[in-house]
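Q: got a predicted structure plus its sequence, pasted below:
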Amino acid sequence: MPKILILGGTTESAVLAKYLAADDGFVTITSLAGRTRNPATVNGAMRQGGFGGIGGFVDYLLAVNIDAVVDATHPFAEQISNNAVDACIQTKTPLIRLTRVPWVANSDDHWTDVSSVIEAAESLPLNARTFVTTGRQELAPFLSRRDLWNLVRVIDPLDEIIEPSQGVVITGRGPFSVKHEIAIFRKYKINWLVSKNSGGAASYAKIEAARSLAIPVMMVGRAGPTHRPVNECETIEQVFAWLEKLFN
Ligand code: NAP
């Protein structure tokens, strides 16, 4: 049976693993970076932790006899996606990337488009009360602005302590409802949302909540063409069709 490596860490990767588990024609291994302490369970096998660069990735593909790779990582996870391309070229392993379509602002949205998290932090107005949803690894630019008050939402508690004058950390694993997100904006008197343009449905509720409260959004865009060229698709059904064509 073909052995499929799913590069995960996203809602889509879990749905894909579930989809393929329901088909007895494939064996799946979902690979996670290992950033989350108690990751949600996935259908099929799971492994955690980096491969050790391109060389380690190549070794893994050969040692485990992977027949195809589906890159279903987050659109902002650039390094692993680029490594996957190089490792798959070296091992001649078929690869497809499942890419979420970016969100597009509608006429009721108030977005400021920026190209990095650093630019997002620099562009916020003085004394803004922000809801920062760009991830635990990129908090420094917000915390270095002493005038901001930041609501930080992460999956696992942070190791560092944020002074109350600089904000508060809440934990939670999405997806969240629009009602839940509106309650958060109100409870913490948020007047700016900071978000990556991740696309997809799982984290869109905060964008809808901001829209309904007329709260502006500092939207971090995708880096663009730094990704190596790769076979891409936008839906789980397209991944499935690609696998079926490859192996049946
Ligand atoms: P990254 O910068 O692209 O990757 C850094 C390194 O982490 C990679 O070189 C690789 O280490 C390891 N790695 C990343 N994803 C991996 C995976 N699925 N399986 C095995 N190793 C992996 O990644 P990132 O932006 O830190 O994201 C890490 C994970 O979190 C991704 O799987 C992604 O789907 C998920 N995620 C990211 C974001 C985001 O905003 N970046 C948001 C939500 C979820 P080696 O070089 O040692 O192989």
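A: Nice, thanks for sending it over. Computed from a prediction, not measured in an experiment: that's the story for all the values here. Residues are numbered from 1 along each chain as shown.
Q: burial check on residue 46, number of neighbours?
A: Neighbourhood size, residue 46 [other C-beta atoms under 10 Å]: 16. Using the backbone N, CA and C atoms, a C-beta is placed for each residue, glycine as well.
Q: what are the bridge partners for it, then?
A: residue 30 (DSSP bridges).
Q: which ones are touching it?
A: For residue 46, the contact set (C-beta atoms under 8 Å, 6 or more residues apart in numbering) comprises 29, 30, 31, 32, 39.
Q: once you drop chain neighbours, what's closest to the fourth one?
A: Same thing as residue 32. Spatially, and ignoring its direct neighbours in sequence, residue 32 is nearest to residue 48 (4.8 Å; C-beta to C-beta, 6 or more residues apart in numbering).
Q: in contact with that neighbour, which residues?
A: Contacts of residue 48 by C-beta under 8 Å, 6+ apart are 31, 32, 33, 34, 39.
Q: just say helix, strand or coil for the residue of the chain found nearest the ligand.
A: Nearest residue of the chain to the ligand, counting by C-beta to the nearest ligand atom: residue 50, 2.3 Å away. Under the three-state scheme (DSSP: H, G, I helix; E, B strand; the rest coil), residue 50 adopts coil.
Q: report pLDDT for residue 163.
A: Confidence at residue 163, expressed as pLDDT, is 92.
Q: give the contact list for the closest residue to residue 35 other than its chain neighbours.
A: Excluding the flanking residues, the one nearest residue 35 by C-beta to C-beta, 6+ apart is residue 9, at 7.5 Å. Going by C-beta under 8 Å, 6+ apart, residue 9 touches 32, 33, 35, 36, 73, 74, 77.
Q: mind listing residues that contact the host helix or strand of residue 238?
A: Counting by DSSP states H and E, the element that carries residue 238 is helix 236-247. The set of residues external to helix 236-247 that reach it, using C-beta under 8 Å, 6+ apart, is 2, 4, 12, 15-16, 19-20, 23, 25-26, 67-68, 70, 72, 94, 96, 98, 231, 233.
Q: one more: stretch 81-89?
A: 7, 51, 53-54, 57-58, 61, 69, 71, 73, 93-95, 97, 226-230.
Q: pull out the buried positions in it.
A: Using 16 or more other C-beta atoms under 10 Å as the burial criterion, the residues of stretch 81-89 that qualify are 81, 82, 83, 84, 85, 87, 88.
Q: before we move on, the earlier item: so which of the contacts of residue 9 are also by the ligand?
A: The subset of the contacts of residue 9 within reach of the ligand, by C-beta under 6 Å from any ligand atom, is 32, 33, 35, 73, 74, 77.
Q: leaving out the residues flanking it, which one is nearest to the residue nearest the centre of the chain?
A: By C-alpha atoms, centre = their mean, the chain has its centre lying nearest to residue 74, at 3.3 Å. In space, and not counting its chain neighbours, residue 74 is closest to residue 10: 5.4 Å by C-beta to C-beta, 6+ apart.
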